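**Q** sequence below, structure please.
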Amino acid sequence: MYIERSCLCSTIPSLQRNHRNSITTQHYNTTFIAHPTGPVSIICVLTERSFHRAYLTTINMRSFTTVAAAAALFTTALAAPQYGYTNPGTCLTPGTAESLVDGFGSLISNYQASVAEKILSEELTDWSDSINELSGIPLGSITFPTKEAFEQGQGSQPPVPFELLAIEAVTCDTIAIRWLGGLQPEPVKGITILKTSNKDGTADGWQISTIYTEFNSAAWVTDIGGTVTLPPH
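**A** Residues are numbered from 1 along each chain as shown. Just a heads-up that it's a prediction; the model follows:
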């Protein structure tokens with residue numbers, strides 16, 4: 001049978017000893033060839049720009065399981081997201097991202113100054129042409145240039161039911177979400193990008209530093225009692 005894995009030969013001690021100078025930082029394609037009653041061959045092929053090298057070593061059948069498991073584990077590690085989840089002070093964890101999203105939603109549905117103080121960075125900025133259109137702010141301009149401006153603006157708004165539709169993506173410092181504002185008669189869907197920063201490098205130090213939000217502002221106008229004249233179809 002043939003079992004193919006992608007790994008670093010440096011993860012296999014015998015190969016590291018035999019070819020230490022050639023493989024310390026190089027990736028190899030590794031093929032395990034197992035015979036029912038014979039030895040197992042491990043072939044590591046190093047691909048570089050101008051040449052190929054093939055290294056062959058043979059081990060006993062009873063060692064095959066250990067080596068194959070090590071290669072499989074390394075392949076899994078290569079495929080895993082590299083967002084720094086092992087260091088929650090360096091990159092967002094899924095749990096921290098969910099907590100920030102919950103806090104953001106609560107600022108729309110049930111604004112509390114204590115939540116704003118906790119989850120919003122002192123350097124907060126908020127950008128939204130949807131809000132700018134409703135507020136008479138020139139399109140393309142910053143909507144809330146400071147944390148204080150956001151707190152005053154959002155804190156004076158009536159509560160709007162907020163339903164999180166999905167957290168679409170989480171990177172090391174950015175969260176993308178889709179949401180539904182439960183206004184009537186026209187529920188409003190929106191998309192928000194939350195950029196974050198860590199104020200002190202700890203797992204609990206993450207705050208929202210930049211907000212980018214766009215939503216169906218025409219539906220919002222209708223919901224608050226305004227009128228929208230649509231172009232002829």
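
**Q** any weak-confidence spans in the chain?
**A** Within the chain, the stretches with pLDDT under 70 are 1-86.

**Q** ok, which stretches of it are helices?
**A** Counting by DSSP state H, the segments of the chain that form helices are 13-18, 20-23, 64-79, 94-109, 113-119, 129-135, 147-155, 217-223.

**Q** give me the beta-bridge partners of the spatially closest residue to residue 194 that is not a sequence neighbour?
**A** Sequence neighbours aside, residue 175 is the residue nearest to residue 194 in space, at 4.4 Å (criterion: CB to CB, 6 or more residues apart in numbering). Bear in mind the C-beta positions are built from the backbone N, C-alpha and C, glycine included. Bridge pairing for residue 175 (DSSP bridges) gives the partners residue 170, residue 194.

**Q** excluding sequence neighbours, find me the nearest residue to residue 108.
**A** Closest residue to residue 108 apart from its sequence neighbours, by CB to CB, 6+ apart: residue 162 at 4.5 Å.

**Q** now the one you found: how far from residue 227?
**A** Applying CB to CB, to the nearest Å, the value for residue 162 to residue 227 is 25 Å.

**Q** still on that earlier bit, quick one, what contacts the residue nearest to residue 108?
**A** Shown in contact with residue 162 (CB atoms under 8 Å, 6 or more residues apart in numbering): 105, 106, 108, 109, 179, 180, 181, 182.

**Q** which one of the residues you listed has the most neighbours?
**A** For the contacts of residue 162, neighbours were counted using other CB atoms under 10 Å, and residue 179 has the most, 22 neighbours in all.

**Q** surely that residue and residue 168 touch.
**A** No. Here residue 179 does not reach residue 168: they are 10.7 Å apart, not a contact under CB atoms under 8 Å.

**Q** before we move on, back to that, ok, now how distant is the residue nearest to residue 194 from residue 89?
**A** 17 Å.

**Q** quick one: which of the two has more around it?
**A** When neighbours are counted by other CB under 10 Å, residue 175 comes out ahead of the other of residue 175 and residue 89, with 22 against 14.

**Q** residue 99 is in contact with the more buried one, correct?
**A** No. Counting by CB under 8 Å, residue 99 is not a contact partner of residue 175; they are 10.6 Å apart.

**Q** distance of residue 127 relative to residue 192?
**A** Distance of residue 127 to residue 192, computed by CB to CB: 11 Å.

**Q** more neighbours: the two, which one.
**A** Set side by side, residue 127 and residue 192 show unequal neighbour counts under other CB under 10 Å, the larger going to residue 192 at 21 against 18.
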